[in-house]
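Peer 1: With the sequence up front, the predicted model follows.
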Amino acid sequence: GVLLGAACAVKWSGIFYLVAFVVMSLIWDAGARRAVGLGRPYSGALGKDLPTLLGAMGLLPALTYLVSWTGWFVSPLGWGRNWAQATSQGPVFFVFDSLRSWLSYHFQVLGYHTGLSASHPYQSEPWSWPLMLRPVAFFYEGSDNVCGVKTCASAILGVGTPVIWYGGLAALVAMIVWYVSSRDWRAGAALLGYAAGWLPWFYWALADHRTMFNFYTIPMVPFMILAITLVAGLIIGPADATPNRRAVGAGVVGLFALLAIINFWWLYPVLTADVIPHEEWWRRMLLRSWV
């Protein structure tokens, strides 16, 4: 609850994960009740587990989020703070006016973001994010005769390592198959985390035509990596598998890790604004939509 509240304090889309993990926690509680043979596991989870869950995943995240604004509350310099006016009226008015100013600030932020539809050359739609079709170019500068050839380039492209990114996409498909076939909770957790960071944006894309960018996928990446890790475990095999089976599996997983390292090394210059020949920069633009 504390960590989810902190996530919401960093970016409001953390609320997607808060809701998703509340649902997942209730499902896990019901599954635990069913596993030990209790009758009516789902109604039991709602009646007995939900009240404490509301404290751990409702009240605690809200308090954490509120505490994260401490600097704004105690300073007269925060946006829309009205600190001097509030403190001059006494402690009761201070609390009331502070909360009113705080809520007003939130409504301003919400109004701005829900109405954000201005066109941007590097905007992208959420359905394109898993394919990494339009990353954001944060920096580009061309120069002459500073890299050993006449035409040089320096760039920072907000793009993932393709071997990991597309390998992760394949791993997520494998998680769907694994969960449908076995209902394994680990596959379900990885899929839920990825979906919580991805699917809600479809609403704003379709209903509000909101301006969005590929870097919105950052909260999804840990769950993509979890999917890769789970698939790696399946490839290596269980502990009681034959030594040859595990050796071959470990070799396949090791080869994937090596390819990911090589791919990252190759892409590194356009992630860090290294000055390289323009031709080398162009080679690293795997898709023309990256430019």
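Peer 2: Here it is on my side, so go on. Keep in mind that this is a model prediction, so the values were computed, not measured.

Peer 1: quick one: low-confidence parts of the stretch 1-150 of the chain?
Peer 2: 83-84, 86-87 (pLDDT under 70).

Peer 1: The most centrally placed residue in the chain in helix, strand or coil?
Peer 2: Among the residues of the chain, the one closest to the centroid is residue 219, at 0.9 Å (CA atoms, centre = their mean). Using DSSP: H, G, I helix; E, B strand; the rest coil, the structure places residue 219 in helix.

Peer 1: and what of residue 139?
Peer 2: Residue 139 - assigned by three-state DSSP - is strand.

Peer 1: Contacts only, for residue 22.
Peer 2: 53, 57-58 (CB atoms under 8 Å, 6 or more residues apart in numbering). Yep, even glycine has a C-beta here, placed from its N, CA and C like the rest.

Peer 1: by contact count, what packs against the helix or strand hosting residue 60?
Peer 2: Residue 60 belongs to helix 60-67 when assigned by DSSP states H and E. Secondary-structure packing of helix 60-67 (3 or more CB pairs under 8 Å, 6 or more residues apart in numbering; DSSP states H and E): helix 2-10.

Peer 1: where do the helices sit along this structure?
Peer 2: 2-10, 14-35, 41-44, 50-54, 60-67, 70-74, 83-88, 91-114, 162-182, 185-198, 200-203, 221-236, 243-267, 278-283 (DSSP state H).

Peer 1: which of the ones you listed sits most buried?
Peer 2: Ranked by mean neighbour count, the helices of the chain are led by helix 185-198 with a mean of 20 (mean count of other CB atoms under 10 Å).

Peer 1: That one - contacts with which helices or strands?
Peer 2: Partner elements for helix 185-198 (3+ CB pairs under 8 Å, 6+ apart): helix 14-35, helix 162-182, helix 221-236.

Peer 1: What are the contacting residues of that helix?
Peer 2: With CB under 8 Å, 6+ apart, helix 185-198 has contacts from 13, 16-17, 19-21, 24, 28, 31, 126, 129-130, 172, 175-176, 178-179, 216-217, 219-220, 222-224, 226-227, 230.

Peer 1: With stretch 40-57 instead?
Peer 2: Taking CB under 8 Å, 6+ apart as the rule, stretch 40-57 contacts 1, 4, 18, 21-22, 25-27, 29-31, 33-34, 38.

Peer 1: Output those in JSON lines, with distance to residue 150 appended to each entry.
Peer 2: As requested, those are arranged in JSON lines below (distance: CB to CB, whole Å):
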{"residue": "1", "distance to residue 150": "58"}
{"residue": "4", "distance to residue 150": "53"}
{"residue": "18", "distance to residue 150": "54"}
{"residue": "21", "distance to residue 150": "55"}
{"residue": "22", "distance to residue 150": "59"}
{"residue": "25", "distance to residue 150": "60"}
{"residue": "26", "distance to residue 150": "63"}
{"residue": "27", "distance to residue 150": "61"}
{"residue": "29", "distance to residue 150": "66"}
{"residue": "30", "distance to residue 150": "67"}
{"residue": "31", "distance to residue 150": "65"}
{"residue": "33", "distance to residue 150": "71"}
{"residue": "34", "distance to residue 150": "70"}
{"residue": "38", "distance to residue 150": "75"}
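
Peer 1: of these, closest to residue 91?
Peer 2: residue 1 (28.9 Å; CB to CB).

Peer 1: re the thing from before, could you redo the helices of the chain as a markdown table and give each row distance to residue 152?
Peer 2: Output for the helices of the chain, formatted as a markdown table (distance: least, CB to CB, whole Å):
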| stretch | distance to residue 152 |
| --- | --- |
| helix 2-10 | 37 |
| helix 14-35 | 41 |
| helix 41-44 | 63 |
| helix 50-54 | 57 |
| helix 60-67 | 46 |
| helix 70-74 | 43 |
| helix 83-88 | 51 |
| helix 91-114 | 38 |
| helix 162-182 | 24 |
| helix 185-198 | 37 |
| helix 200-203 | 37 |
| helix 221-236 | 31 |
| helix 243-267 | 18 |
| helix 278-283 | 6 |
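
Peer 1: quick one, which of the ones you listed is nearest to residue 211?
Peer 2: helix 91-114 (9.6 Å).

Peer 1: Show me the contact partners of the closest one.
Peer 2: The set of residues external to helix 91-114 that reach it, using CB under 8 Å, 6+ apart, is 12, 69, 72-73, 79-83, 85-87, 89, 204, 208, 210.

Peer 1: just the CA coordinates of it, formatted as PDB?
Peer 2: Provided in PDB are the C-alpha atoms of helix 91-114 (Å, rounded to 0.1, in the frame of the first residue of the first chain):
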ATOM      1  CA  PRO A  91      -4.900  26.600  12.500                       C
ATOM      2  CA  VAL A  92      -8.500  25.600  11.600                       C
ATOM      3  CA  PHE A  93      -8.600  27.900   8.600                       C
ATOM      4  CA  PHE A  94      -5.100  26.800   7.700                       C
ATOM      5  CA  VAL A  95      -6.200  23.100   7.400                       C
ATOM      6  CA  PHE A  96      -9.400  24.000   5.600                       C
ATOM      7  CA  ASP A  97      -7.800  26.400   3.100                       C
ATOM      8  CA  SER A  98      -4.800  24.200   2.500                       C
ATOM      9  CA  LEU A  99      -6.900  21.200   1.600                       C
ATOM     10  CA  ARG A 100      -9.100  23.400  -0.600                       C
ATOM     11  CA  SER A 101      -6.100  24.800  -2.400                       C
ATOM     12  CA  TRP A 102      -4.700  21.300  -2.700                       C
ATOM     13  CA  LEU A 103      -7.900  20.000  -4.300                       C
ATOM     14  CA  SER A 104      -8.100  23.000  -6.600                       C
ATOM     15  CA  TYR A 105      -4.500  22.300  -7.800                       C
ATOM     16  CA  HIS A 106      -5.500  18.600  -8.500                       C
ATOM     17  CA  PHE A 107      -8.500  19.700 -10.600                       C
ATOM     18  CA  GLN A 108      -6.300  22.000 -12.600                       C
ATOM     19  CA  VAL A 109      -3.900  19.200 -13.300                       C
ATOM     20  CA  LEU A 110      -6.700  16.800 -14.200                       C
ATOM     21  CA  GLY A 111      -8.300  19.400 -16.500                       C
ATOM     22  CA  TYR A 112      -5.100  20.000 -18.300                       C
ATOM     23  CA  HIS A 113      -4.300  16.300 -18.900                       C
ATOM     24  CA  THR A 114      -7.800  15.200 -19.900                       C
END
